[in-house]
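> Okay, predicted coordinates and the sequence, questions at the end:
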Amino acid sequence: MTAIGWVQITLYCLILLALTKPMGLYMARVFEGERTWLDPVLGPVERVLYRLFGVDPQEEMRWTTYAFAVLIFSLVTMLLTYVLLRLQGVLPLNPMHFNTAHAPSYGTPMTPDLAFNTAASFTTNTNWQAYSGENTMSYLSQMLALAFHNWMSAAVGIAVAVALIRGFARRSASGIGNFWFDLVRCTLWVLLPLCLIYALFLVQQGVIQNLAPYTNATTLEGATQTIAQGPVASQEAIKMLGTNGGGLFNANSAHPFENPTPLTNFIQMLSIFLIPAGLCYVFGKMVRDTRQGWALWAAMFTVFIAGVFICYHFEAQGNPIIASQGVQAATATLGDSGGNMEGKEVRFGLASSALFATITTDASCGAVNGMHDSFTPLGGLVPLVNIQLGEIIFGGVGSGLYGMLIYAILTVFIAGLMVGRTPEYLGKKIEQKEVKMAMLFVLAGATSILCFTALVSVLKLPDKSPLNQVAAGTQFEGATYNNINNSGPHGFSELLYTFSSATGNNGSAFAGITANPPIYNVTIGLATLIGRFLMMLPALAIAGSLAGKKYVPESAGTFPTHGGLFVGLLVGVVLIVGALTFFPALSLGPIAEQVLMHGGKLF
């Protein structure tokens with residue numbers, strides 16, 4: 001670890017802290033329907049949309065109606081995306097003729113299982129890509145199908161978080177707001193202005209934005225190289241701000257067309273946490289006690305900075321087997337000599353790679369500027385654990401906040417058991433229904449991750465099985481089993497990370513796995529749906545239950561939820577629940593691999 005590395009990390013933390021309050025103040029005004037400086041421009045657009053779709057924005061929805069609106073909107077848009085992807089070969093803006101008889105040899109066919117996986121993934125804000133974007137998707141598919149979900153899935157997550165906040169803020173109310181109002185306000189007032197400014201900045205920095213056919217170039221060695229083009233900047237902006245993560249290029253944020261400079265790299269990391277951090281302040285503002293929002297922010301930040309330190313430490317330590325051979329990493333110019341530079345983008349170095357990996361898995365983003373598969377075992381453990389905790393460490397836009405609030409409910413419940421009192425949080429009694437819904441939230445994610453991992457781990461499919469063949473119909477060669485490139489604990493980590501990423505709606509990959517066969521496309525697609533909706537619905541049920549409750553005045557026995565004791569207890573509950581749930585699986589993967597690495601064995 002180097003001084004310049006810690007300067008980068010410290011600067012990031014200070015800027016994030018400085019932006020939290022202004023971002024939160026603005027969003028609080030937006031969702032409480034107060035006037036903002038954008039009203040003269042966006043107000044008429046909003047009113048036209050309501051008239052066009054027959055929506056009364058003042059109509060209050062019960063939690064069941066709100067949940068139905070979320071589900072029906074997601075289902076319809078998912079089906080439309082599936083149809084559009086299947087038809088991309090006959091639709092316009094397809095200069096490389098993907099999914100047609102004239103597609104280049106490297107093109108990946110859009111099979112039914114791949115279309116299902118992609119539609120489910122983007123609908124749920126996961127953006128898992130079992131394909132290379134530049135080898136599979138037409139420009140129309142990128143813009144109309146995938147980028148649309150980048151916007152809408154982010155807005156849906158924020159809307160649900162705001163609905164849960166209203167549950168805490170309201171007293172004896174039957175409604176938790178209006179889904180269509182929240183969706184429109186989030187899209188027009190929050191995402192649109194931010195993305196417009198962000199996309200223009202990216203273009204200025206060198207990110208491409210065009211609809212040109214791919215460029216054929218001749219290299220210095222005389223070989224022909226195909227250079228992909230596309231509308232990158234506009235989709236890069238919402239990809240990062242909406243914690244989506246799926247890029248136009250397989251290399252994602254390590255590709256110079258998506259992330260050309262150290263400045264864009266820093267801004268991309270900042271933009272991942274910008275809205276989730278601001279939502280913590282929105283929570284405090286809407287419940288009329290900003291200390292509550294800062295307490296959640298502090299708990300998230302504590303786990304975040306611990307993850308950065310662990311990841312950076314083990315990546316800087318490097319691989320002892322390589323070190324024993326007298327080999328030094330060729331990174332002296334970056335001040336990282338001796339560290340693990342395998343799989344890292346040399347433009348950014350170890351500190352930035354460790355910071356990016358921690359941020360993108362704390363949030364349900366999944367964008368990467370390095371290869372997590374190439375991290376040291378315990379360095380790679382950090383991104384994996386971040387996802388398994390529910391990506392509540394700032395987390396995805398909206399989903400991070402409502403996930404942490406559910407853990408806060410469990411925390412005050414446990415604190416109440418300790419002192420023999422009925423638990424309370426923000427003047428609302430936490431009773432049987434809230435605790436049951438909170439446990440459903442925790443168990444849904446854990447069950448999906450562990451059961452799908454176990455299923456695929458033990459399900460040895462014959463090489464010629466249709467479920468175990470890549471999309472082109474050619475048998476995958478070189479896999480040990482089920483299209484995994486690595487054996488032993490590292491191979492198990494690849495599977496565990498895959499279903500953790502899918503269920504956690506993260507979308508990043510540990511790599512080393514060919515994820516396009518039908519068996520993976522179907523199971524991963526199902527995991528994304530479980531991780532999104534079976535964890536979102538309990539949050540809305542809690543919102544409805546809390547909104548209908550009366551306010552309970554504070555007493556001498558009320559557990560304060562804005563101080564250091566609560567923050568420490570909340571962090572402890574998050575870590576203990578995660579450790580007890582996933583420690584056995586982690587012991588079979590990255591922990592076992594770390595021990596064996598020090599014993600001189602690699603996988």
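Nice, thanks for sending it over.

> Now for the chain, the helix or strand with the poorest mean pLDDT.
Lowest on mean pLDDT, DSSP states H and E among the helices and strands of the chain sits helix 320-324, with a mean of 77.

> can you give me the offset of that one from its chain's centre?
What separates the centre of helix 320-324 from the centre of its chain is 34 Å, taken as CA atoms, centre = their mean, to the nearest Å.

> Repeat that for stretch 219-231.
31 Å.

> can you give me the mean pLDDT across it?
Averaging the model's pLDDT scores along stretch 219-231 yields 90.

> what's next to stretch 536-543, contact-wise?
Residues from elsewhere that reach stretch 536-543 (CB atoms under 8 Å, 6 or more residues apart in numbering): 63, 66-67, 70, 160-161, 163-164, 166-167, 176, 399, 402-403, 405-406, 409, 433-434, 437-438, 440-441, 444. Where C-beta positions appear, they are placed from N, C-alpha and C, glycine not excepted.

> Stretch 42-49 now?
Under the criterion CB under 8 Å, 6+ apart, residues 55, 184-185, 188-189, 192 lie in contact with stretch 42-49.

> could you flag which of the contacts of stretch 536-543 are buried?
The neighbour-count criterion (16 or more other CB atoms under 10 Å) marks 63, 66-67, 70, 160-161, 163-164, 166-167, 176, 399, 402-403, 405-406, 409, 434, 437-438, 440-441, 444 among the contacts of stretch 536-543 as buried.

> Which parts of the stretch 351-500 of the chain are helices?
Along the stretch 351-500 of the chain, counting by DSSP state H, counting those that start in this stretch, helices occupy 377-388, 399-419, 432-458, 488-503.

> how far off helix 399-419 does the longest one point, in degrees?
Okay, so that is helix 432-458. 120 degrees (axes from the mean of the first three to the mean of the last three CA atoms, to 10 degrees).

> Return the set of buried residues in helix 432-458.
Residues of helix 432-458 classed as buried by neighbour count (16+ other CB under 10 Å): 434-435, 437-438, 440-442, 444-446, 448-450, 452-453, 456-457.

> Which other helices and strands does that helix contact?
helix 377-388, helix 399-419, helix 488-503, helix 518-547, helix 564-586 (3 or more CB pairs under 8 Å, 6 or more residues apart in numbering; DSSP states H and E).

> which regions of the chain lie under the pLDDT threshold?
Along the chain, the parts satisfying pLDDT under 70 run over 326-338, 460-483.

> and if we set it to 80?
Within the chain, the ranges that satisfy pLDDT under 80 run 1, 321-338, 419-422, 458-486, 511-515, 555-557, 578-579, 603.

> so where do the strands sit in it?
With DSSP state E as the criterion, the chain has strands at 215-218, 224-227, 424-425, 428-429.

> Out of these, which gets nearest to Gly33?
strand 428-429 (23.0 Å; CB to CB).

> and for the closest one, what are the contacting residues?
Applying CB under 8 Å, 6+ apart, the set of residues contacting strand 428-429 is 168, 422-423, 546, 549, 551-552.

> Same question for stretch 377-386.
With contact meaning CB under 8 Å, 6+ apart, stretch 377-386 is reached by 307, 310-311, 314-315, 340, 354, 357-358, 360-362, 372-373, 375, 393, 489-490, 493, 496-497, 500, 508, 510, 578, 582, 586, 589-591, 593-594, 597.

> so how far is that stretch from its chain's centroid?
The answer for stretch 377-386 is 15 Å, by CA atoms, centre = their mean.

> mind listing the helices for the stretch 101-250 of the chain?
112-123, 139-140, 147-169, 179-185, 192-205, 232-241.

> mind putting the ones you listed in CSV, distance to Phe533 included?
Compiled in CSV, the helices of the stretch 101-250 of the chain are given as follows (distance: least, CB to CB, whole Å):
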stretch, distance to Phe533
helix 112-123, 10
helix 139-140, 28
helix 147-169, 10
helix 179-185, 14
helix 192-205, 26
helix 232-241, 22
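
> hang on, Thr528 packs against Ser121?
Yes - in this structure Thr528 lies within contact range of Ser121 using CB atoms under 8 Å: 5.2 Å.

> More neighbours: which of the two?
Ser121 (32 against 29; other CB atoms under 10 Å).

> Contact partners for the more buried one?
Residues in contact with Ser121 (CB under 8 Å, 6+ apart) are 127-129, 246, 502, 507, 524-525, 528.

> let's see 7 Å
Counting by CB atoms under 7 Å, 6 or more residues apart in numbering, Ser121 touches 127-128, 507, 525, 528.

> which of those residues count as buried?
Buried among these (16+ other CB under 10 Å): 127-128, 507, 525, 528.
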